[in-house]
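# fold the following and give me the result.
(3 chains)
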Amino acid sequence: MNSTPIAPTLSDRFWRLANPKIFMGWSSKLLPWIAAVALASLCSGLIWGYFFTPDDMRQGSTVKIIYLHVPAALMAINGYLLMFVGALVWLIRRQHVSVLAAKAAAPVGMVMTLIALATGAIWGQPMWGTYWVWDPRLTSFLILFLFYVGYIALWAAIEDEDTAADLTSVLAVVGAVFAMLSRYAVLFWNQGLHQGTTVTMADGAKQDNISDVFFQPLLLSMAGFGLLFLTLLLIGTRTEVRARRLKVLQARERIE
Amino acid sequence: MIQLFLRDIGLSVRSGGGFGLALIFFLIVVTLIPFALGPDQAALAVIAPGVLWLGALLACLLSLDRIFGLDFEDGTLDLLATSPLPLESVYMAKASAHWLTTGLPLSLAAPVLGVLLNLDYETGKILCLSLLLGTPALSLIGAFGASLTLGVKRGGLLLSLLVLPLYVPSLIFGAQAVRLAGQALDYDVALVLLSAISLGAAAILPFASGAALRINLR
Amino acid sequence: MMPDLGKYALEVNSSYILSLMALGVIAGLYVKRSRAVRRALAELEAAQDA
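Numbering: from 1, shown residues only, chains lettered A, B, ... in the order given. Prediction:
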């Protein structure tokens, strides 16, 4: 029986991309390019920042740490946002690739948080005279680190894949709410030594806070960190998709 | 729901139910602090709010896995799930019972223990108030954590790991309120925010926990 | 070629080295796991197809 095919809507097309097989298809094509651009921007940003920028009047050469600290901190937060979205999509639509992406994002986000904390502490030592200060920003990142660890630990603790996906997603959603709460609580608790936002994310807007000389390599470095995150996210999600298929096949083996 | 609430209270008060455990633990922690940090009265008075809040918080952690654990093991939770009572109500009943047998006694005991740390009477009153306002959040969040780790064997440590970061806002506002009171500063904002967390937790966590319980009972 | 980092050389260099090491480790772990899973899956699929 002939029937006119219904054209797929934009939403249909979008969700089709998240179908595991199709995801594997487009991600394998995209991956080499993203990885290459990531490496290029990361290297050029860091090299520019390390070798070719002047020292700051007050902070001396430690200002060069900014090219690591700020991008890492941004990625730490983005990682959690990604986990939150992936968890939400799983809870609503039971989309496997989304929740596996959340699972893959967590360790990377955690490492970014650690880098932000470590560079923050190392930068802080000569500036504030101490490695650790209960400054709102740093403290928020410590709490964020704990959230990451809890999420990863819960994934590891539960045997059944889908149950683990469900429970960790509930945790991620509740955790996100509390993470935002913590941010404000910590601000309230300590008005803090951290300077006001170094960079506001208005596209291309240059701030009085930080001059061009520093801003451009910083932008490059942020792009590098962001694309590196994306690269690892894609690699990790692909691994998780394959791992899931592996588990299914192994289960089938045992039955036969 | 009331029956479940009363039953849980009864269960925890009976011997082996862990009722006094939280209080004893609280006492021990508060007693250990001067040994660890030296008996300087002035110094103890300064850290007293934080220590007492932290002690109460940790004492709350102790009995969290009992909230659902026992019923899960002997199948009672499955029965409750099939009953007309929604799991969200089961959660509320159990979290409330936990608070009544843990948070409430701790809140009342805290100013008394505060004497050991050179905490003055006026500040002690605010300490009690802040704990009364904050410990409901601790019970609610703790029960949520318990619902997540239900199926995990020996999940006590994991439970603490999940729950402690969620406790941080309550701890910050609670201890800060007491500190401000000690310095004769205005502590209203802290108490309001503390209550807001407890209320917010009561609003959203039943649904999250209900979902987690359903997932675990599949 | 090396910039004059002055008295903060230790801080700046340790930041860079630690960060790059951390990124390297996590990237390496991800790639390693990816390869291992891919290999295991290929072997299992080949065995099951046979």
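
# my read: residue A:181 touches residue B:171, true?
No: using CB atoms under 8 Å, residue A:181 is not in contact with residue B:171; the gap is 11.9 Å. Any C-beta I mention is one placed from the backbone N, CA and C, and that applies to glycine too.

# now do the helices in chain B.
For chain B, the helices defined by DSSP state H cover B:2-13, B:19-37, B:41-62, B:64-73, B:76-82, B:87-98, B:104-114, B:121-148, B:156-182, B:188-216.

# out of the helices and strands in chain B, which is least certain?
When each helix and strand of chain B is scored by mean pLDDT, DSSP states H and E, helix B:2-13 comes last, with a mean of 77.

# give the buried residues for it.
The neighbour-count check on helix B:2-13 (16 or more other CB atoms under 10 Å in any protein chain shown) flags B:4, B:5, B:8, B:9, B:11, B:12 as buried.

# residues touching the one residue in chain B that gets nearest to chain C, list them.
Closest residue of chain B to chain C, CB to the nearest CB: residue B:161 (20.8 Å). Contacts of residue B:161 were listed using CB atoms under 8 Å, 6 or more residues apart in numbering or on different chains, and they are A:146, A:149, A:150, A:153.

# which of the helices or strands spans the first one?
Taking DSSP states H and E as the criterion, residue A:146 maps to helix A:136-157.

# for the following helix or strand past that helix, name the packing helices and strands.
Sequence-wise, the next helix or strand downstream of helix A:136-157 (DSSP H and E) is helix A:161-189. Judged by 3 or more CB pairs under 8 Å, 6 or more residues apart in numbering or on different chains; DSSP states H and E, helix A:161-189 is in contact with helix A:66-93, helix A:96-128, helix A:136-157, helix B:121-148, helix B:156-182, helix B:188-216.

# what residues are up against the residue in the stretch 151-256 of chain A that chain B sits nearest to?
Nearest residue of the stretch 151-256 of chain A to chain B (CB to the nearest CB) works out as residue A:185 at 4.0 Å. By CB under 8 Å, 6+ apart, residue A:185 lies in contact with B:168, B:169, B:172, B:173, B:193.

# isn't residue B:177 right up against residue B:186?
No: counting by CB under 8 Å, residue B:177 stays clear of residue B:186, with 9.9 Å between them.

# higher neighbour count, these two?
The neighbour comparison of residue B:177 against residue B:186 (other CB atoms under 10 Å in any protein chain shown) goes to residue B:177, with 29 against 10.

# and the closest residue in space to that one that isn't next to it in sequence, how far from residue A:246?
Spatial nearest neighbour of residue B:177, excluding adjacent residues (CB to CB, 6 or more residues apart in numbering or on different chains): residue B:190 at 3.6 Å. For residue B:190, the distance to residue A:246 equals 52 Å [CB to CB, to the nearest Å].

# which one of the two has more residues nearby?
Neighbour count, other CB under 10 Å: between residue B:190 and residue A:246, residue B:190 has more, with 27 against 19.

# hang on, the earlier thing: columns distance to residue B:31 and mean pLDDT on top of the helices and strands packed on helix A:161-189, output as JSON lines?
What follows is the helices and strands packed on helix A:161-189, written out as JSON lines (distance: least, CB to CB, whole Å; pLDDT from 0 to 100):
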{"stretch": "helix A:66-93", "distance to residue B:31": "39", "mean pLDDT": "94"}
{"stretch": "helix A:96-128", "distance to residue B:31": "34", "mean pLDDT": "91"}
{"stretch": "helix A:136-157", "distance to residue B:31": "28", "mean pLDDT": "89"}
{"stretch": "helix B:121-148", "distance to residue B:31": "17", "mean pLDDT": "93"}
{"stretch": "helix B:156-182", "distance to residue B:31": "19", "mean pLDDT": "89"}
{"stretch": "helix B:188-216", "distance to residue B:31": "26", "mean pLDDT": "91"}
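
# possible to save those helices as a markdown table with distance to residue A:219?
Putting the helices and strands packed on helix A:161-189 into a markdown table (distance: least, CB to CB, whole Å) gives the following:
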| stretch | distance to residue A:219 |
| --- | --- |
| helix A:66-93 | 10 |
| helix A:96-128 | 18 |
| helix A:136-157 | 21 |
| helix B:121-148 | 40 |
| helix B:156-182 | 32 |
| helix B:188-216 | 37 |
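
# nearest to residue C:34, of those?
Across those, the minimum distance to residue C:34, taken as CB to CB, is reached by helix A:96-128, at 10.2 Å.

# which residue packs closest to the spatially most central residue of chain A, ignoring adjacent ones?
Taking CA atoms, centre = their mean, the centroid of chain A lies closest to residue A:79, which sits 2.4 Å from it. Counting by CB to CB, 6+ apart, residue A:79 lies nearest to residue A:109, which is 2.4 Å off, once chain neighbours are set aside.

# what's the closest of the buried residues of helix B:2-13 to residue B:49?
Nearest member of the buried residues of helix B:2-13 to residue B:49, counting by CB to CB, is residue B:12, at 27.9 Å.

# distance of the residue nearest to that closest one when sequence neighbours are not counted relative to residue B:125?
Nearest residue to residue B:12, sequence neighbours excluded (CB to CB, 6+ apart): residue B:101, at 4.7 Å. Distance from residue B:101 to residue B:125, counting by CB to CB: 23 Å.

# more neighbours: which of the two?
Counted by other CB under 10 Å, residue B:101 and residue B:125 do not tie: residue B:101 has more neighbours, with 23 against 13.

# for the more buried one, give its distance to residue A:8.
57 Å.

# now swap in residue A:88 and tell me
Distance from residue A:88 to residue A:8, counting by CB to CB: 23 Å.

# of those two, who's got more company?
Neighbour totals were compared for residue A:88 and residue A:8, and residue A:88 leads with 17 against 11 (other CB under 10 Å).

# so what's the closest residue to that one other than its chain neighbours up against?
Closest residue in space to residue A:88, ignoring its immediate chain neighbours: residue A:173 at 6.3 Å, by CB to CB, 6+ apart. Residue A:173 makes contacts with A:84, A:87, A:88, A:91, B:208, as judged by CB under 8 Å, 6+ apart.

# now the residues you listed as CSV including distance to residue C:19?
Shown next, in CSV, are the contacts of residue A:173 (distance: CB to CB, whole Å):
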residue, distance to residue C:19
A:84, 25
A:87, 28
A:88, 31
A:91, 34
B:208, 36
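
# so which of the residues you listed is surrounded by the most neighbours?
The residue in the contacts of residue A:173 with the most neighbours, by other CB under 10 Å, is residue A:87 (27 neighbours).

# list the contacts of that one.
Counting by CB under 8 Å, 6+ apart, residue A:87 touches A:99, A:102, A:168, A:169, A:170, A:172, A:173.

# one step back: closest to residue A:120 out of the helices of chain B?
Of all the helices of chain B, it is helix B:156-182 that lies closest to residue A:120, at 18.4 Å by CB to CB.

# need the pLDDT of the nearest residue to residue B:29 once chain neighbours are set aside.
Leaving out its chain neighbours, the residue that sits closest to residue B:29 by CB to CB, 6+ apart is residue B:55, at 4.2 Å. For residue B:55, the model assigns a pLDDT of 89.

# one more: residue C:12?
With respect to pLDDT, residue C:12 has a value of 88.

# next: residue A:212.
On the pLDDT scale, residue A:212 gets 76.

# OK, contacts around residue B:47?
Each residue near residue B:47 by CB under 8 Å, 6+ apart is listed here: B:33, B:37, B:117.

# got the phi and psi for the residue lying farthest from the centre of chain B?
For chain B, the residue at maximal distance from the C-alpha centroid (CA atoms, centre = their mean) is residue B:40, at 29.3 Å. Dihedral angles of residue B:40 (phi, psi; degrees, to the nearest 10) stand at phi -60, psi 110.

# quick one: it from residue B:117, how far?
Separation of residue B:40 from residue B:117 (CB to CB): 11 Å.

# for residue A:139, same thing?
For residue A:139, the distance to residue B:117 (CB to CB) stands at 24 Å.
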